[in-house]
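J.: 3D model of this:
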Amino acid sequence: MDEIRLKEILSGFSSIRIAVAGDLFLDKWLYVDRRLDEPSLETGLTAYQVVRARSQPGAAGTILANLSVLKVGKLYAVGFVGDDGEGYDLLKGLDHIGVDRNLVLKSREVMTPAYVKPMFFRTGGEREHNRFDHKNMGETPREMEQAVIENIRQVAPMVDAVIVLDQLTCENTGVVTRAVRQAIAQIALNHPELIVFADSRAFINQFRHIILKCNNKEAAKLAGAAQEEPFDQEKLCDYMEQLAQSTHSQVFVTCGEHGVLVRENGECHLLPAVRYKGEIDVCGAGDACSSGIVTSLCAGASYVEAAQVGNLVSGVTVRKIGTTGTATHQEIMDIFHESAGKT
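T.: This next block holds a predicted model:
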């Protein structure tokens, strides 16, 4: 792909409409100054003093943030939050990035999922402390599950693509339950012109008739191979093909520093990642890659071209330390020139 083609693909993003259906988390950072530690009068334990806090939409919200910065024309969120403070902050965060959240349910039956990340700092630097995860451990209420399905059905004719983000590893405890996956397969069959794309931490092999994305370790595990085996492109192509055949789906496999693997016109292609020798932060890189892939497909890119754009988007975001980064069109062009040796 040359510069002219990349600009052509990027220029098409502004007319695209995308819905993101899945687990909306609140990412929250608490900055603790250890120099201000004081003992609790009640317990004698150290009371940490939070001097600053910030939050932003995470998980499915990370994809929406990436799509917003990529200048996608219209964005919809489908999912649910709790009737709580984290839910309030999350919805305000979606408002801030211009997302239509009328299809996000709010309920007292669940809490808003959140990743709370204490950042301890003192003279000499800062470090992330143990994270506090807020997740719903019980099964998603049936009424909410059905409402999610109806909302996805409602938005499907209004958009060019639906991205499904299944963040949880305990089945049927989040937005993307077994029933939701089955409904998504039927929606994809009913709307053959619609791009439906899914990423899942634990259940990627349970989707059907859509476009799937997993990483190389997940692909190896699903094929019954060792997840820690050395990188082998030929084996990974076989694993990808097994997943594609069992799910009747097109599959992208992200391979970390090696790039993205995809099959097109009967051939397996490895599109190399952008090389970088400096410090990186891979938090959110997969979501960034998904955003680049789907927007490019909507703009008429081939699977190979979409994988290349996914590499560029994630290549930008991994250089943004301490946050789940996003990539502007200019940053994408800059890293394209860099990777091509033009800077």
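J.: What are the buried residues along stretch 136-150?
T.: For stretch 136-150, a neighbour-count test (16 or more other CB atoms under 10 Å) marks N136, T140, M144, E145, A147, V148, I149 as buried. Glycine gets a C-beta too; all of them are placed from N, C-alpha and C.
J.: wait, stretch 26-36
T.: L26, D27, K28, W29, L30, Y31, V32, D33.
J.: Repeat that for stretch 272-285.
T.: Within stretch 272-285, the residues that count as buried by 16+ other CB under 10 Å are A273, V274, C283, G284, A285.
J.: Also stretch 240-251?
T.: Buried residues in stretch 240-251, counted by 16+ other CB under 10 Å: M240, Q242, L243, T247, S249, Q250, V251.
J.: Grab the most central residue of the chain for me.
T.: For the chain, the residue nearest the mean C-alpha position is D287 (2.8 Å; CA atoms, centre = their mean).
J.: ok, now which ones touch V318?
T.: Y276, I280, D281, V282, A285, G325 (CB atoms under 8 Å, 6 or more residues apart in numbering).
J.: For the first one, give me the pLDDT.
T.: Yep, that's Y276 we're talking about. pLDDT recorded at Y276 is 85.
J.: now do the fourth one
T.: pLDDT, V282: 83.
J.: coming back round to it: just flag the most distant two among the buried residues of stretch 240-251.
T.: Using CB to CB, the two most remote members of the buried residues of stretch 240-251 are Q242 and Q250, lying 13.7 Å apart.
J.: S339 - how many residues pack around it?
T.: S339 is flanked by 18 other residues according to other CB atoms under 10 Å.
J.: so how far is V282 from it?
T.: Counting by CB to CB, to the nearest Å, the gap from S339 to V282 is 18 Å.
J.: circling back: mind checking which of the buried residues of stretch 272-285 are in helices?
T.: Members of the buried residues of stretch 272-285 lying in helices (criterion: DSSP state H): A285.
J.: And the buried residues of stretch 272-285, which two are furthest apart?
T.: Maximum distance among the buried residues of stretch 272-285 (CB to CB): 17.1 Å, for V274 and C283.
J.: if I pick E171, what's in contact with it?
T.: Neighbours of E171 in contact, by CB under 8 Å, 6+ apart: T177, R178, A202, F203.
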